[in-house]
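Novice: Need coordinates for the following:
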Amino acid sequence: MCIRDSNWVCNGTLVRLDAANFFGAPKWERMYYGSAGSTFWLPEFGFGSDSAQYVTQPDTTGYYRIRVCNSNVFSDSVRVDVTVVKIPDPIHDTICGGGSMTVEAFAAPVYNLQAVNWYHTKLDSVPFKVTNTAPFIHTANFLVTDTFYLEGVIDSCVSLGRSAVFAVVNPYPVVDLGLVNDTVCQDTNKVLNAGAGIGYTYRWIITGPNGLTDSSSLQTVGINASRLMKDSTYSYAVTVTSEFGCQTLSNTINVLIEDSCFVGINENTFSNRLDIYPNPTSKYVMIRLDNFGSVVADIEILSIDGKRVLFESSVNLDEIEHKINLGKLPDGLYLSLIHISEPTRPY
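Specialist: Sure thing, here's the model as predicted:
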């Protein structure tokens, strides 16, 4: 009995076993190891295991022989040496906002890997990089998340699969509190919204005119001007942390508390000529400005807790109706803010 071509193969390689010079029905067997170093033979059941030529795909080194006519007549055994290449274990890396990261193809010493092939996809046939010494690493600058596929190498053999290693770029929370310097009248309120995100946590620092500070862990902070000192400035800043540990520190917002605000003639005229209908509505709301000329405005829709749910910029308001679709918003009470060149009150 002989092995065609060679008795050393890579794992996953098909091996053809040939037997000759025997008479009777053959059956291929393979040797297995039991407890305390004992060995035993079991029949093979693959296609051709009952013929003189048997093609098998051994996953480990082993011995093969033929039993003739289910008797005690056996051929000599032959050894097939199989080089088994383990798939490297991925060690991922993560960063906030982008930058230099290092990902690794970890191979335990027992793996005996001589090299690691790096691929951009599972199906690439040519690696973009080969690392020949441990630690098997890849370092680069990343602006977005990327994935690489790792293949172990021993001599001319490679692992039967590839593992995926991830270089993950997590975004920083986006925080926009509005004007850095703002004014709130004592007969009005204002809400600062740090923005919503899955797993976000918040740390507000509020500094009063006397230097004393307060804090909050909510997404929004309300400014109740009637309870604050007139002609005084209060500072607001928030640190927002994502579920991945990425932090954004907002600009410091300085809010001046003034006495009650009075509506000027122009604003009063604007208010009287602004029409928003229907109210209530199930889907669309119309905005029209009668006999006032054309005004360019930003339109902001807020939920009752001060969260912005819709925004349209540079809208031309005049006697022609401007339609806003609120159909995707859940039922509830909403506040509309019309921003023109001079501050206006919410309508």
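Novice: Restrict the helix or strand hosting Leu302 to CA atoms and write it as CSV.
Specialist: Assessed by DSSP states H and E, Leu302 sits inside strand 295-303. Below are the C-alpha coordinates for strand 295-303, written out as CSV (Å, rounded to 0.1, in the frame of the first residue of the first chain):
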residue,chain,number,x,y,z
VAL,A,295,-39.5,87.5,5.9
VAL,A,296,-36.8,84.9,5.9
ALA,A,297,-37.1,82.8,9.1
ASP,A,298,-35.9,79.6,10.8
ILE,A,299,-38.8,77.5,12.0
GLU,A,300,-38.2,75.2,15.0
ILE,A,301,-40.6,72.7,16.5
LEU,A,302,-40.0,71.7,20.1
SER,A,303,-41.6,69.0,22.3
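Novice: the helices in the stretch 151-300 of the chain, which residues?
Specialist: Ranges of helices in the stretch 151-300 of the chain, per DSSP state H, counting those that start in this stretch, are 265-273.
Novice: Show me where it dips below the pLDDT cut-off.
Specialist: 260-273, 291-294 (pLDDT under 70).
Novice: let's see it at 80
Specialist: Along the stretch 151-300 of the chain, segments meeting pLDDT under 80 span 186-187, 259-275, 289-295.
Novice: Strands of that one, residue ranges please.
Specialist: Using DSSP state E, counting those that start in this stretch, the strands of the stretch 151-300 of the chain run over 157-158, 163-170, 181-185, 189-193, 201-207, 213-216, 220-224, 232-241, 247-249, 253-258, 274-277, 284-289, 295-303.
Novice: May I see the ones you listed organised as a markdown table, with distance to Val309 added?
Specialist: For the C-beta atoms, the positions are set from N, CA and C on the backbone; glycine is no exception. A markdown table is the format used below for the strands of the stretch 151-300 of the chain (distance: least, CB to CB, whole Å):
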| stretch | distance to Val309 |
| --- | --- |
| strand 157-158 | 54 |
| strand 163-170 | 26 |
| strand 181-185 | 21 |
| strand 189-193 | 11 |
| strand 201-207 | 19 |
| strand 213-216 | 22 |
| strand 220-224 | 13 |
| strand 232-241 | 19 |
| strand 247-249 | 21 |
| strand 253-258 | 21 |
| strand 274-277 | 16 |
| strand 284-289 | 13 |
| strand 295-303 | 5 |
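Novice: mind putting those strands in JSON lines, distance to Ser75 and mean neighbour count included?
Specialist: Shown next, in JSON lines, are the strands of the stretch 151-300 of the chain (distance: least, CB to CB, whole Å; neighbours: other CB atoms under 10 Å):
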{"stretch": "strand 157-158", "distance to Ser75": "28", "mean neighbour count": "20"}
{"stretch": "strand 163-170", "distance to Ser75": "41", "mean neighbour count": "18"}
{"stretch": "strand 181-185", "distance to Ser75": "93", "mean neighbour count": "16"}
{"stretch": "strand 189-193", "distance to Ser75": "82", "mean neighbour count": "18"}
{"stretch": "strand 201-207", "distance to Ser75": "72", "mean neighbour count": "17"}
{"stretch": "strand 213-216", "distance to Ser75": "83", "mean neighbour count": "13"}
{"stretch": "strand 220-224", "distance to Ser75": "83", "mean neighbour count": "16"}
{"stretch": "strand 232-241", "distance to Ser75": "71", "mean neighbour count": "19"}
{"stretch": "strand 247-249", "distance to Ser75": "72", "mean neighbour count": "15"}
{"stretch": "strand 253-258", "distance to Ser75": "88", "mean neighbour count": "18"}
{"stretch": "strand 274-277", "distance to Ser75": "95", "mean neighbour count": "15"}
{"stretch": "strand 284-289", "distance to Ser75": "87", "mean neighbour count": "18"}
{"stretch": "strand 295-303", "distance to Ser75": "83", "mean neighbour count": "17"}
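Novice: Ok, which of those strands comes nearest Trp118?
Specialist: strand 163-170 (8.8 Å; CB to CB).
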